[in-house]
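>>> pasting the sequence and the predicted model now:
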Amino acid sequence: MSSLVKRIVSRLREMNLPRMSVKPPAIVTIVLLIAISVFLLAGGVYNIMMGPPIIGYSYGLQDQSWFESLVAIILFAAGFAGVFVSYKSTRYAYKPRQAAMLLLIGVALLLISFIGCESMILLKRG
């Protein structure tokens, strides 16, 4: 049986088939890592393991509902987008108006994310 496998492998090598790259593009890897980070930060593992209620605020700071997780995912994603847009603004050094607009949008997204997260915590504390 191994001689058959050796013959098949040698035939394939003789055919000079083009090598295929299976490596995903860098942007796909980065977006996937950010999505996993946002999922973990927003308490996705807790929601899967504990099965909390869908709507309504829980009684303690240790508990969270699916709705709170969804809001946290949106706010964390807005924070990541703000950092990304602020970083992109540095590429427009020779277009100061466009750089300033991108920086303003990025900082606004960061502020919205921060204020939203803080207000969620204050709502839970009562």
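Cool, the structure landed.
>>> which parts of the lengthiest helix in the chain are buried?
The longest helix of the chain (DSSP state H) is helix 96-125. Within helix 96-125, the residues scored as buried using 16 or more other Cβ atoms under 10 Å are Ala99, Leu102, Leu103, Ile105, Gly106, Leu109, Leu110, Ser113, Gly116, Cys117, Met120, Lys124. To be clear about C-beta, it is placed using only N, CA and C from the backbone, and glycine gets the same treatment.
>>> swap in stretch 33-50?
Buried residues in stretch 33-50, defined by neighbour count with 16+ other Cβ under 10 Å: Ile34, Val38, Phe39, Ala42, Gly43, Asn47.
>>> what pLDDT does the last one get?
pLDDT recorded at Asn47 is 86.
>>> what's the answer for the fourth one, then?
Here the pLDDT value assigned to Ala42 is 89.
>>> packing partners for the longest helix of the chain?
Applying 3 or more Cβ pairs under 8 Å, 6 or more residues apart in numbering; DSSP states H and E, one finds that helix 96-125 contacts helix 66-88.
>>> and the helix it packs on, which residues are buried?
For helix 66-88, by 16+ other Cβ under 10 Å, it's 68-69, 71-73, 75-83, 85-86.
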